[in-house]
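[1] coords please:
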Amino acid sequence: MLDNTLTDIEFGRFQRFIHEAAGITLSPAKKALVCGRLFKRLQAHRLNSYTDYLALLDSGRAAAEVQTAIDLLTTNETYFFREPRHFELLRTLALAAASRPQPLRVWSAACSTGEECYSIAMVLADCLGATAWEVVGTDISSRVLQRARAAHYPLERTRHVPPAYLKRFCLRGLGEQEGTLLVERPLRERVRFAQVNLNAVLPALGSFDMIFLRNVMIYFNGDTKRQVVARVLALLKPGGHFCIGHSETLNEISTAVQQVAPSIYRKP
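    Below you'll find the predicted structure:
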């Protein structure tokens, strides 16, 4: 008989699993979340306990299931134009870059379902038009990246999008799609998504003029924060800007960048 009770020992093993896989620290308060999100996976595999599910993850025969577990245990909360001051800075940088030959490159390093990437792309399209610019969005979760590529969102997620941008870059759903919004194809095609684990050696992504790593460090312990930030900042160009969440800080995390405003840093 399937037992949906998650023991403290099993929870401890899930804590180690997600920390080793993604660098995420699960507090004891997340025990109910783990139980709720993974219970359906026990049902799907007709397993009797979380211990059996952990054995499946450890077996080496279930790479797809390991990714599913990572997807379910990573929290993804975002919306368009979150923390507007960062986009005001982006607009300033984009207008300043309009006359230079090199493309402006921006990285959303934990992009979740893509709203941040498309917010960035709207600003760049508005300021730079068809000239050379690129937005790269990465996340550890294949599930949210699939949703990001689809660019199809509930309308309530778009309440902070400027009306002119909604009209210019988005299509409102009709009929069965009422209450939703689709980012138009020309803008979608300017954004590139890739699955990247920030807690491992980074792939060759190139260097960036601006990097967003917002509301991510809160899930890491001190050592992991320092390691992740060091990896990410290695891809920031000299003179480039680095944005974190308003509730986050780089104090005792990194001296590679200098703070120029709350949650905004610049690389010398």
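[2] can you map out the helices along the chain?
    Along the chain, the segments classed as helices by DSSP state H run 8-22, 31-44, 50-58, 63-73, 84-97, 115-128, 142-150, 163-169, 185-188, 222-233.
[3] and the ones you listed, which one is worst for confidence?
    For the helices of the chain, mean pLDDT drops lowest on helix 63-73, to a mean of 87.
[4] pull the CA atoms of that helix into PDB?
    The C-alpha coordinates for helix 63-73 follow below in PDB (Å, rounded to 0.1, in the frame of the first residue of the first chain):
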ATOM      1  CA  ALA A  63      17.900  10.200 -15.700                       C
ATOM      2  CA  ALA A  64      14.600  11.600 -16.900                       C
ATOM      3  CA  GLU A  65      13.000  11.100 -13.500                       C
ATOM      4  CA  VAL A  66      15.900  12.800 -11.800                       C
ATOM      5  CA  GLN A  67      15.200  15.900 -14.000                       C
ATOM      6  CA  THR A  68      11.500  15.600 -13.200                       C
ATOM      7  CA  ALA A  69      12.300  15.600  -9.500                       C
ATOM      8  CA  ILE A  70      14.600  18.700  -9.900                       C
ATOM      9  CA  ASP A  71      11.800  20.400 -11.800                       C
ATOM     10  CA  LEU A  72       9.300  19.800  -9.100                       C
ATOM     11  CA  LEU A  73      11.600  20.800  -6.200                       C
END
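[5] can you add mean neighbour count and give the helices of the chain back as TSV?
    (C-beta placed from N, C-alpha, C; glycine too.) Below are those laid out as TSV (neighbours: other CB atoms under 10 Å):
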stretch	mean neighbour count
helix 8-22	16
helix 31-44	15
helix 50-58	18
helix 63-73	17
helix 84-97	17
helix 115-128	24
helix 142-150	18
helix 163-169	14
helix 185-188	15
helix 222-233	17
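[6] so where's the stretch 151-268 of the chain shaky on pLDDT?
    By pLDDT under 70, the stretch 151-268 of the chain contains no weakly predicted segment.
[7] where do the strands sit along it?
    With DSSP state E, counting those that start in this stretch, the ranges of strands along the stretch 151-268 of the chain come out as 152-154, 170-172, 180-183, 191-195, 208-212, 236-243, 258-261, 264-266.
[8] now do the last one: which elements does it pack against?
    Same thing as strand 264-266. Applying 3 or more CB pairs under 8 Å, 6 or more residues apart in numbering; DSSP states H and E, one finds that strand 264-266 makes contact with helix 84-97, strand 236-243, strand 258-261.
[9] select, out of the ones you listed, the one closest to L57.
    Closest of these to L57 is strand 236-243, at 34.2 Å (criterion: CB to CB).
[10] CA atoms only: put that closest one into PDB for me.
    Extracted C-alpha coordinates of strand 236-243, given in PDB (Å, rounded to 0.1, in the frame of the first residue of the first chain):
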ATOM      1  CA  LEU A 236      30.200  39.700 -17.300                       C
ATOM      2  CA  LYS A 237      32.100  42.100 -19.400                       C
ATOM      3  CA  PRO A 238      34.200  44.800 -17.700                       C
ATOM      4  CA  GLY A 239      31.900  47.800 -17.300                       C
ATOM      5  CA  GLY A 240      28.900  45.500 -17.400                       C
ATOM      6  CA  HIS A 241      26.000  45.600 -14.900                       C
ATOM      7  CA  PHE A 242      24.800  42.800 -12.600                       C
ATOM      8  CA  CYS A 243      21.300  42.900 -11.100                       C
END
